Structures are given as C-alpha cells and as structure tokens.
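Visitor: Structure for this input, please:
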Amino acid sequence: MLAKLQNWLIKQSNVLFSWKTEDSNHIPKPKPSPRELPANIKQQIQDKINHLDNNPTEEEAIIETLDNAFERWLNNPETADNSVVILSSPVTAVSPLIADSIKQWSLQKQIVIKVLPLDGRPTDMKRIVSILEDFLQEQEQNIKTKQDISEIFVIPNLDFCFLRSVEGLDTIEYLQSLFCQHPQQRFWIIGANEVSWQYLNLVSNISAFCGEVFVLPKLSPETLQEWLNPIIESFDIGLDKFKIEQQILEDTGETNQDDWKKYFEHLADISEGGSIVTAQLFLNSIYQKKETEEGEESEETEEKLLTNYPELSDLPLINFPEQYILYSLLLHGSLTLSDLAESLGDDKGEVTGKVQVLRRQGLIQKHNQMLTINPYHYPKLKQKLSSNNFIMNGE
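Guide: Reported below is the predicted structural model:
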C-alpha cells in the first residue's frame, strides 16, 4: 500500500503542489539598489564569509540537543527513542555544521561515532542501499557478538539519500527499516532540511520511525553581529549613517545612537534569523563610495565600503514550470541538472533552458555542477511557493 501511495503521490504532483492563479500581467518593479560593489571586492568578501566558522549558537544548540536525547536513550534504551533529527533551512549547508558539532560532542563524551561515508548524492540512486549495507556490515557483526556495545550512526545529510522519484524513495524505505533494527544498541543522528522532511513525512511518514525532531534556532541580532564582526573589521565597512537613520526613523519613529544594533535587528528580522541568509543580505547591502579628503596641497579620493539598510529584493515573475524547478531544488538542497530533470520527470534539454533563465535572474546558483537556490532570495521565495500550495516547513 505504501508503494502504491508513493507512486500516486508522484504522479499526482500537479494536485499536491498546485498553485493559485496569479495575474500574468503583473510584473514587480525592482527596488532601487545602491551602487554595485566591484566584482573583485564582492568576491573577496564572499570568500571571507565562506571561511567563517560555524555560528557557535547553532553548534551549541545541536550539542545540547544531542546530549539530552542520547542521555535519555542511554538511561532507558528499552523505551526511549533511539534517534534525533536535526533540521535546517534548505539553503543551509547542514552537513559540515552537523559534522563539526558532532565532532565536538563525541570528544566531550569520549565516544566513537560512525558517519555514513556519503558526501553527495550518487549518480545512481540504486547504489545507496549497497553503500548502507557495506556501512553496516561490520557494525552488524559487532552487535551479533557483543550485545552490550552501543553504536552511534550519523547521517549528516538525509537529502543525499533520496531523489523525488519512485526509485529514489526506495532508500528512504530501507532507512526506515534500519531505524527500527537493534534499537537498544543503535543510536541515530540524522541531518535534513525542513522542506524535504515535510515532503518525506507526507510520502513515507518518516517521523513515525524517528525520535526527537530539532529545528535549528533563529539567531538573535547580537549573535549575528558578533558572527559577522570579523568581516566588518577586516574590510573596514562603515554604515551609511544618513540612510540608516532615515530608514530607522521611518520604521520606528525614533533614532538611536547605536546604529549597528538597529541595523542587525532589522537584518535578523528580514532574514528570519538564518545565518546563511543573513550573510547574503549583508553582502548585498555593501557598496563602494568615493570620499574626497582635502589636504594642504591637494585633494585625495578614498574608496570607502559602506553598508546600506538591507532589504529583501522583489522576486521576478516566475512562471509555473519554473516554480516546480525552484521547489525541487529546495526539496533536495542541491541537484545536478540530470537529477533535477529526473526529479521533475521532464526532458533534460527542456529543463536546461528554464534553469538558464533562473540563473540569469539570480534565483539559482551553480557551483561544481551543483545547482542550489540563492540564499538571498530564500525568504521571499519561501513565501511565494507556500502561498502557491507547495509543501514548505510544515505549512
């Protein structure tokens, strides 16, 4: 019955992910933006952002969750849940965040963990089951010979284990059966994105096979400011005080001496407290301004980096087929062009053209053949797809 339900869900995607009618003549007017930041400087700042450490608040929250869930299971393996699921937004690189957090946690606990050796989605989805079987073979032997040994298994990114196709969902069924095997000896730590988790809940009722589900917390303005301060200091980025104070006055009716505080309060609000989205909104608010300083003999021009009041950009008009493409990327986190076409059940050539349009619009990014959603547009894109009845974060 489950197989029939999965087939039906896939075939009836036009019903499950239907959209509301929208006025095709309405084209949103782009908001005026500050002067464009030179590409070389923008890339330098982006590189620095890419090399920032994980936000410590997120790591601490993961470690605390693992502590509590593991202790409950260790103290009462007969009845306690033997797994914990850590959910992030689809534009967050959950694998390295979980890997670093678990490394710290395992060192604190002095325990050995087994991490699924999968750093991406295999080109052939049928290989995943054999990878899992090989991964568990040695541990299976340990459990048969030493019943008192506790095994801690980690799946850093569940997205790598499935594709929205009949064959791609077979692995999820297999994993669900593994979660129920040897619950007194095995403890599972699973990373996933919120959109894929909601979809798999609908298709496979995956939450019934797992224990606690923990969603990464929204970060406070103070935490985000502390995290991005090394970038601000490294590039000597200042505030466009006139524009910042003018916007603060329009928003709140009052001014405040601490403009950076107000800046990050606003930034945390529009980014919904997500570190990756915040970083991209911050980057896109920076521009270069020439300032002239008068000296005794001559005038010198200095290039100064300033940040404007960050705002979410209006989305371009997105046709219905393109909405499916964007949703599929959110559902899987990242996809090659071939996997994207397979997940949609469409011809690769047809999908290629639509992806190129979306890349020109800045909605999709490509790196090492992997397509992802641009985090800068994620907040509004989430609202757009949710309003058109796509399954988003439990809505």
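Visitor: At which residues are the strands of the chain located?
Guide: Ranges of strands in the chain, per DSSP state E, are 83-88, 114-115, 151-155, 186-193, 212-215, 238-239, 286-294, 299-307, 364-367, 370-373.
Visitor: got these as TSV, with distance to Leu178 and mean neighbour count columns?
Guide: Where C-beta positions appear, they are placed from N, C-alpha and C, glycine not excepted. TSV is the format used below for the strands of the chain (distance: least, C-beta to C-beta, whole Å; neighbours: other C-beta atoms under 10 Å):
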stretch	distance to Leu178	mean neighbour count
strand 83-88	10	23
strand 114-115	12	16
strand 151-155	8	20
strand 186-193	8	24
strand 212-215	18	17
strand 238-239	52	16
strand 286-294	47	13
strand 299-307	48	13
strand 364-367	32	15
strand 370-373	27	19
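Visitor: Minimum distance to Leu385: which of the ones you listed has it?
Guide: Closest approach to Leu385 among the strands of the chain (C-beta to C-beta): strand 370-373, 10.5 Å.
Visitor: count of neighbours near the closest residue to Gln225 other than its chain neighbours?
Guide: Leaving aside its chain neighbours, Gln225 sits nearest to Phe264 (4.3 Å; criterion: C-beta to C-beta, 6 or more residues apart in numbering). A total of 24 residues lie near Phe264 under the criterion other C-beta atoms under 10 Å.
Visitor: closest to Leu335 out of the strands of the chain?
Guide: Counting by C-beta to C-beta, Leu335 lies closest to strand 370-373 out of these; the figure is 5.5 Å.
Visitor: tell me the mean pLDDT for the closest one?
Guide: In this model, strand 370-373 has an average pLDDT of 94.
Visitor: Show me what it is packed up against.
Guide: Under the contact definition 3 or more C-beta pairs under 8 Å, 6 or more residues apart in numbering; DSSP states H and E, strand 370-373 sits against helix 320-332, strand 364-367.
Visitor: so which of those is the most packed in?
Guide: Each of these was scored by mean neighbour count; the highest is helix 320-332, a mean of 21, by mean count of other C-beta atoms under 10 Å.
Visitor: Can you lay out the strands of the chain as JSON lines showing distance to Leu315?
Guide: Compiled in JSON lines, those are given as follows (distance: least, C-beta to C-beta, whole Å):
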{"stretch": "strand 83-88", "distance to Leu315": "22"}
{"stretch": "strand 114-115", "distance to Leu315": "37"}
{"stretch": "strand 151-155", "distance to Leu315": "33"}
{"stretch": "strand 186-193", "distance to Leu315": "20"}
{"stretch": "strand 212-215", "distance to Leu315": "25"}
{"stretch": "strand 238-239", "distance to Leu315": "27"}
{"stretch": "strand 286-294", "distance to Leu315": "22"}
{"stretch": "strand 299-307", "distance to Leu315": "23"}
{"stretch": "strand 364-367", "distance to Leu315": "13"}
{"stretch": "strand 370-373", "distance to Leu315": "12"}
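Visitor: Which of those comes out lowest on mean pLDDT?
Guide: Among the strands of the chain, strand 286-294 scores lowest, at a mean of 73.
Visitor: Enumerate every residue touching Val154.
Guide: Taking C-beta atoms under 8 Å, 6 or more residues apart in numbering, we find Val154 in contact with 98-99, 102, 113-116, 188-190.
Visitor: repeat that for 10 Å
Guide: Counting by C-beta atoms under 10 Å, 6 or more residues apart in numbering, Val154 touches 98-99, 102, 106, 113-116, 187-191.
Visitor: ok, now Lys304?
Guide: 236-238, 240, 287-291.
Visitor: possible to save the residues you listed as a markdown table with distance to Val195?
Guide: Output for the contacts of Lys304, formatted as a markdown table (distance: C-beta to C-beta, whole Å):
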| residue | distance to Val195 |
| --- | --- |
| Asp236 | 38 |
| Ile237 | 33 |
| Gly238 | 37 |
| Asp240 | 35 |
| Tyr287 | 33 |
| Gln288 | 36 |
| Lys289 | 39 |
| Lys290 | 43 |
| Glu291 | 44 |
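Visitor: hmm, back to that, so the residue nearest to Gln225 versus Glu60, what's the distance?
Guide: 19 Å (C-beta to C-beta, to the nearest Å).
Visitor: how about the nearest residue to Val357, chain neighbours excluded?
Guide: Nearest residue to Val357, sequence neighbours excluded (C-beta to C-beta, 6+ apart): Glu322, at 7.1 Å.
Visitor: again with Gly211
Guide: The spatially closest residue to Gly211, leaving aside those adjacent along the chain, is Asp81, at 2.5 Å (C-beta to C-beta, 6+ apart).
Visitor: Next, count neighbours for that neighbour.
Guide: 17.
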